[in-house]
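Asks: sequence unavailable; structure follows:
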C-alpha cells in the first residue's frame, strides 16, 4: 500500500514538473534546392518586380491613411447627452405608469391592505431607565 502511495506521488510530481525542451542540435541542416542559372535569373527578376509592386502598394496605403480623428464639436456632444437624458426620462415615465397599473390590479385582487389596530408602542424617548426597559420589552415582545 505504501509502495503505491509513493509511486503515485512520484508520478504526480513528474507530471506537474515542467517539461525540459532543448533546441535541436546544429548538426542537422536542410538540403539546399538545386537551382540552375536561368532559374536564378528569373527569380531575381521576379523579386525586383515584386519589390517594385510592394513599394507602389505601400505608397498607396500611406496616401489613403487618415492621420488623426477630427475633434467632435461641443454641439454634437450636447445633443447626444440630451438624447440620452430624454431616453432616461421616457423610460422612467414608462416604469412609473406600468408600476401604477400593476399596483391597482394587485389591490383589486388582494383587497385593501390589512390594518393592525393593536396597541402600537410610542416612538418617544423614555425619560428614565424603568420606562426604557418597559419600552424595550414592549417593542421586542419579550414577555410573550
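Replies: That came in fine, so what should we check first? In this text, all values refer to a predicted model and were calculated from it rather than measured experimentally. Residues are numbered from 1 along each chain as shown.

Asks: by mean pLDDT, flag the weakest helix or strand of the chain.
Replies: None of the helices or strands of the chain scores lower by mean pLDDT, DSSP states H and E than helix 37-64, at a mean of 69.

Asks: that one: what's the following helix or strand?
Replies: Proceeding N to C from helix 37-64, the next assigned helix or strand is helix 74-110, under DSSP states H and E.

Asks: looking at stretch 111-126 now, give me its mean pLDDT.
Replies: Stretch 111-126 carries an average pLDDT of 68.

Asks: just the terminal-to-terminal distance for it.
Replies: 38 Å (C-alpha to C-alpha, to the nearest Å).

Asks: tally up the residues packed near residue 132, please.
Replies: Neighbour count of residue 132, defined by other C-beta atoms under 10 Å: 12. All C-beta spots, glycine's among them, are computed from the backbone N, C-alpha and C.

Asks: no, scratch that, I was asking about residue 126
Replies: Counted with other C-beta under 10 Å, residue 126 comes out at 13.

Asks: right, and it touches residue 137 too?
Replies: No. Applying C-beta atoms under 8 Å, one finds residue 126 not in contact with residue 137, separated by 11.6 Å.

Asks: intersection of neighbour lists for these two?
Replies: Common contact partners of residue 126 and residue 137 (C-beta atoms under 8 Å, 6 or more residues apart in numbering): none.

Asks: for residue 127, helix, strand, or coil?
Replies: coil (DSSP: H, G, I helix; E, B strand; the rest coil).
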